[in-house]
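**Q** Below is the structure, and that's it, no one-letter string:
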């Protein structure tokens, strides 16, 4: 079945540690996105990529990094510079550059700080 | 940045009744897209309905319909014949195709369907 997978479902980070969240899609979508969701807030864009080997910062990119080496994959690294990483992280993808570019979401990763 | 406002943090509705969730947005663009997403307790974001701003006809998907008022910059979601499975957070989202594929989300409305 086509879809977006995220792993792990839960992730624990120690102080000063970098952690990487995985996002894979088999929908043949060109664009991929990472969002952060905190209680009482909507989704906030961290990074997005419209094409392989290219990505742009969203509204809250500080303390995060990404790569886009393959069309299907868009991993997010939460670095030690991110001082408040506890949140729910959602990955999404969308197709093409014309028409309605609906975003479809993965199941999310819950990141907790130990 | 675009702003999307959902002024109802929480709502409830009796099963089988109708409920309307509000959303307003701020933009100077003429061409854009609007979406409603549902996030049940599983936290999976699910597309409910979408509307192209250039279409005057309101979008409808089974029990879900929108009231799109372009001049008022309003995009409300009506759920008819509410079911227990409709209990979820509902997010309104705006997308301007002229600024990449970036979505702007409201803060959400928590809807509870009461049996």
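**A** Happy to help now that I have it. Remember, predicted model here, so these are calculated numbers, not experimental data.

**Q** Name the spans of the chain whose pLDDT lies under the cut-off.
**A** No chain was given, so I picked chain A. A:1-2, A:96-99 (pLDDT under 70).

**Q** that answer is for a different chain, and I need it for chain B
**A** B:1, B:100.

**Q** Correct me if wrong, but residue B:85 is in a helix.
**A** Yes: secondary structure assignment places residue B:85 in a helix (DSSP: H, G, I helix; E, B strand; the rest coil).

**Q** what sits against it?
**A** Taking Cβ atoms under 8 Å, 6 or more residues apart in numbering or on different chains as the contact definition, residue B:85 lies against B:40, B:113. For every residue, glycine as well, the C-beta is placed using N, CA and C.

**Q** do you know how far it is from residue B:8?
**A** Distance of residue B:85 to residue B:8, computed by Cβ to Cβ, to the nearest Å: 20 Å.

**Q** And for residue B:97?
**A** Taken as Cβ to Cβ, the span from residue B:97 to residue B:8 is 28 Å.

**Q** swap in residue B:110?
**A** In terms of Cβ to Cβ, residue B:110 sits 9 Å off from residue B:8.

**Q** Next: residue A:110.
**A** 26 Å.

**Q** For residue B:89, name its beta-bridge partners.
**A** residue B:39, residue B:110 (DSSP bridges).

**Q** Can you give me the neighbour number for it?
**A** Here the count is done by other Cβ atoms under 10 Å in any protein chain shown, and residue B:89 has 21 residues near it.

**Q** Quick check: residue A:61 touching residue A:46?
**A** Yes: Residue A:61 sits in contact with residue A:46 when judged by Cβ atoms under 8 Å, with a separation of 5.9 Å.
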